[in-house]
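Colleague: Test case, fold it:
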Amino acid sequence: MKLLLTSSEQDSYQTQKVLTTASYCSIEISKEIVTDVHALPTTAKGIALELSEDTTPIGQTNAMIRALANMTPSSKLYGKGAIEESTVDAWLGWIFCNVETALNGASLVGTDVAIADVLAALDKVDAQLAYRTYLVGEGVTLADISLTCVLKEVEKVAGSGSIFSGMDNLSRWYQTMLHQPAFASAGTNTAAAIVSTPLQSGGGLSYNGVPPSVVPKLYNRGRIRIKELLKRWGGFLNQQVTVGGWARTLRNANKGKLIFLELNDGSTGDSLQCVLDVDSTDGFGDAKNSGGSGSSYLISGEVVESPGAEQAIELKVEKVEFVGPVYGGDPEGNTIGGMLYPMSKKSHTLEHLREHAHLRARSKVHAAAMRIRNAMAFATHKFFNDNGFLYIHTPIVTCADCEGAGEQFGITTLLGTDHHRTDIKLPYIQAEEKKEEAAKPVPEAAGAPAPGPAEGEQKMSKQALKRLKKQQEKEAKKKAQEAATKASQPSPEKHEETRVVGAVDYANDFFGRRANLTVSGQLNVETHCCALSDVYTFGPTFRAENSHTTRHLCEFWMIEPEIAFADLARDIDLAEDYLKYCVQYALEVCADDLEFFETHDAGEKGLRDRLRNVLDSPFVRLTYTEAIDILKKAVEDGVQFEVKPEWGIDLPSEHERYICEKVYKQPVVLTDYPKGIKAFYMKLNDDGKTVAAADVLVPKIGEIIGGSQREHRKDVLVQRCLESGLETKHVWWYLDLRKYGTIPHAGFGLGFERLILFITGLDNIRDVIPFPRWPGNAEF
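Modeller: Below is the predicted model of the structure:
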């Protein structure tokens, strides 16, 4: 393959477009300088791509890079699927018309005018990149390559590397692109480019390297997912495919000679209609007697256009492999039939689905909620990874109480493994005099002979024996004093357990002390923030809170980032960016499921409009004191609350929702809470009454994020521990972070299930986690 160039195009941005694309595609291209311009195609402007000696050279750079991308589909430079391909084409056209044309007109209108026109166009790109890593999809495409090469030329013409300084999103994306290996291998001056534009803070992915594409080498699903088939059915029309899944409905037609089977595999909420014919379908009889809804199949056949109005295509089945019948014909589960199948095709209440949580993933509501939950988990990891955060796994078993509320699940082996035992006796801490009494030697039985002197002592004189006994007593007394002194001075490297007479003695338990399931990973992740800078943890947490509300679970997942060298303002910015990214991701990736929830009775009408409202403007920010004033004014105006708003109270959900739903009708961030209602680790403000805390309130949920700047001053933190009733010896290791190289840092926590409630519009938190745990329920 050869790139034909005039001498003037050797270092042009057009040439770099082609070479960079070739580098991404791992295609070798040689350069050849031509002196006769007429040797190039009519459409060429000093550059053409010759694929082979037998083909006519391609004479337009966008056409060249399209050809290279089409030659290597695995590069995904043209996007994934028809929609992304069209979007890439649209961007290539937009870049040419709005950026390249303006740049090329510099000689006519002047450099300043041309650059001004370019920057005006780039404002739209900056907005596009607010919640995206790349212009199209999840990876680099031709659109990114084209715009990057053009922007390098813009910098060159402007003679400055700071012209994008006011466009943070564009600058972040530009730096990510400049760090791509393909630009270096294409022969561009990457080092100079990095120097010319200051690196923007917040970037992460480009500095950690670009992850390789996931290309299956051995794994083959052996079937096509129904989601792919329904989305890209045009490419499968009149083709043979194999699908697998579970029957939602199965009905007979034409006196039992036809079967219409609605098949779903969980990849989408939509189902594929499969048509079985008694004369042409292998396995027709087994499918007919499968038990109906819930039975499983592997089906092969031809994709054809459907004569029905409800679906564009259907599967003309040639072979059906009956995998699993439904044994719901009798209570014992021995007869095939659907009479007693808990997930029959009729509509079920959410309470019924919770009672059959092991099967409710087959319902449309729960399946859609789980797909969105999966998307939000992926979006979370992508957001923090692309912003340079490290994912830290914090422990589930802990001896610390992060919140200080004491609502923790204890862990013990003192009860044994046989829960039917009736003779278990827990050890209790005894008073010292009782322990001494128990430690006394058992008196000898009456009439027993007194013990004689040891064998060595029998040969010593009485005087020597007396001196020996005195020396032994002196040494014993010294050892006792040393042991007492050591016991009274707790080791800084080991927790000193508080021993209360009558309490359970955990000294012989598995961990040698009371241990619990964690309520938060924050304290642990802070240790890594103070060494690795920006980190986050995402894992299960537990709280023994006897609450039966629709907003509480005993087992839930928390996302807890921690940022180094940061104050509360930066923490709020991170929280707003993260929440908006999740909303944007859901709107783009989960569009079908959001539409389902918007129309389903369990969902929320106007759901997508509410989510778009989150993206439209910055979050409102006001202090706790200002919020109390707003609530008091509302009471004066006749609004009734169950809890009277007064300064110093922990705002209940009704207050939070009133502020964000009625007053501002959008997310609100409350800051500077009274220190008495917040945790000991939150930074004390200069007024001595409030702490640098922030809660993000959103419509429908109330508080969805709680965060703060952490108290990094050891003396203040110790005082806050004492005020909160927390003994400092219980958090000695946490105080050590302030002792050895302390830094200002901040973070927040987001309850993952509350995020899913917010995104789906569902009302009960028990419906957005696979197996909910609440007081009295730990089934499955």
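Colleague: Give me the distance between D168 and P427.
Modeller: As judged by Cβ to Cβ, to the nearest Å, D168 and P427 stand 61 Å apart. In short, each C-beta sits where N, CA and C put it, glycine included.
Colleague: scratch that, I411
Modeller: For I411 relative to P427 (Cβ to Cβ), the value is 16 Å.
Colleague: Show me which of the two is the more surrounded one.
Modeller: When I411 and P427 are compared for neighbours, I411 comes out ahead with 16 against 12, by other Cβ atoms under 10 Å.
Colleague: Identify the bridge partners of that one.
Modeller: A515 (DSSP bridges).
Colleague: Surely it is in contact with V397?
Modeller: Yes - with contact defined as Cβ atoms under 8 Å, I411 reaches V397; the gap is 6.2 Å.
Colleague: tell me the SS of W557?
Modeller: strand (DSSP: H, G, I helix; E, B strand; the rest coil).
Colleague: Name the nearest residue to it, sequence neighbours excluded.
Modeller: F752 (3.9 Å; Cβ to Cβ, 6 or more residues apart in numbering).
Colleague: And for that neighbour, the neighbour number?
Modeller: Neighbourhood size, F752 [other Cβ under 10 Å]: 21.
Colleague: Quick check, it in contact with N374.
Modeller: No - the criterion here is Cβ under 8 Å, and F752 misses it with N374 at 11.6 Å.
Colleague: And the pLDDT for the residue nearest to W557?
Modeller: We have a pLDDT of 97 for F752.
Colleague: Pull the contacting residues for it.
Modeller: F752 is in contact with 373, 376-377, 380, 538, 556-559, counting by Cβ atoms under 8 Å, 6 or more residues apart in numbering.
Colleague: Only the C-alpha atoms, please, for the longest strand anywhere in the chain, written as CSV.
Modeller: Longest strand of the chain, by residue count under DSSP state E: strand 240-253. Extracted in CSV, the C-alpha atoms of strand 240-253 (Å, rounded to 0.1, in the frame of the first residue of the first chain):
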residue,chain,number,x,y,z
GLN,A,240,-29.4,-18.8,9.4
VAL,A,241,-29.0,-18.0,13.1
THR,A,242,-29.2,-19.8,16.5
VAL,A,243,-30.8,-18.3,19.5
GLY,A,244,-31.3,-19.5,23.1
GLY,A,245,-33.6,-18.4,25.8
TRP,A,246,-36.8,-18.9,27.8
ALA,A,247,-40.4,-18.9,26.6
ARG,A,248,-42.5,-15.9,27.7
THR,A,249,-45.5,-17.2,25.8
LEU,A,250,-46.3,-20.3,23.7
ARG,A,251,-49.5,-20.5,21.8
ASN,A,252,-50.9,-22.9,19.2
ALA,A,253,-52.4,-21.9,15.9
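Colleague: List the contacts of the next helix or strand after it.
Modeller: Downstream of strand 240-253, the first helix or strand assigned by DSSP states H and E is strand 258-264. With contact meaning Cβ under 8 Å, 6+ apart, strand 258-264 is reached by 226, 243, 245-253, 270-278, 284, 287-288, 297, 299, 315, 317.
Colleague: mean confidence for strand 258-264?
Modeller: 94.
Colleague: quick one, what contacts the residue positioned nearest the centre of the chain?
Modeller: Nearest residue to the geometric centre of the chain (Cα atoms, centre = their mean): T380, 2.7 Å. Going by Cβ under 8 Å, 6+ apart, T380 touches 538, 559, 578, 582, 752.
Colleague: Tell me which of those residues fall in helices.
Modeller: 578, 582, 752 (DSSP state H).
Colleague: Going by distance to V620, which of those residues wins?
Modeller: Y578 (17.3 Å; Cβ to Cβ).
Colleague: Give me the nearest residue to the closest one, chain neighbours excluded.
Modeller: Here the residue nearest Y578, using Cβ to Cβ, 6+ apart, is F383, at 5.7 Å.
Colleague: For the one you found, grab the count of nearby residues.
Modeller: F383 has 24 neighbouring residues, counting by other Cβ under 10 Å.
Colleague: is it fair to say it lies in a helix?
Modeller: Yes - judged by three-state DSSP, F383 forms part of a helix.
Colleague: What are the contacting residues of stretch 24-37?
Modeller: 1-7, 10, 18-19, 22, 40, 46, 49, 68-69, 71-72, 75, 77, 140, 145, 182.
Colleague: Give me the subset of the residues you listed lying in helices.
Modeller: Those of the contacts of stretch 24-37 lying in helices (DSSP H): 18-19, 22, 68-69, 71, 145, 182.
Colleague: quick one: low-confidence ranges for this structure?
Modeller: Applying pLDDT under 70 to the chain flags the ranges 37, 39, 42-43, 107, 160-162, 184-211, 213, 401-406, 432-460, 480-497.
Colleague: follow-up on the earlier one: with distance to G603 as added columns, please give the ones in helices among the contacts of T380 in TSV.
Modeller: Formatted as TSV, those follow (distance: Cβ to Cβ, whole Å):
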residue	distance to G603
Y578	24
C582	18
F752	19
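Colleague: what's the distance between the helix or strand containing the residue nearest to the centre of the chain and the middle of its chain?
Modeller: Using DSSP H and E, T380 falls within helix 364-386. Put simply, helix 364-386 sits 7 Å off its chain's centre (Cα atoms, centre = their mean, to the nearest Å).
Colleague: Do you have the strands of the stretch 651-780 of the chain handy? List them.
Modeller: 668-674, 690-698, 702-709, 745-751 (DSSP state E, counting those that start in this stretch).
Colleague: Which stretches in the stretch 451-600 of the chain count as helices?
Modeller: With DSSP state H, counting those that start in this stretch as the criterion, the stretch 451-600 of the chain has helices at 462-488, 522-532, 568-589, 591-599.
Colleague: Likewise for the stretch 101-250 of the chain?
Modeller: 101-104, 106-109, 111-128, 142-158, 168-178, 181-185, 190-196, 226-231.
Colleague: then the last one to CSV, C-alphas only?
Modeller: Coordinates of the C-alpha atoms in helix 226-231 are reproduced here as CSV (Å, rounded to 0.1, in the frame of the first residue of the first chain):
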residue,chain,number,x,y,z
ILE,A,226,-31.6,-11.5,20.8
LYS,A,227,-30.7,-7.9,21.5
GLU,A,228,-28.1,-7.9,18.7
LEU,A,229,-30.5,-9.7,16.3
LEU,A,230,-33.3,-7.2,16.9
LYS,A,231,-31.1,-4.1,16.7
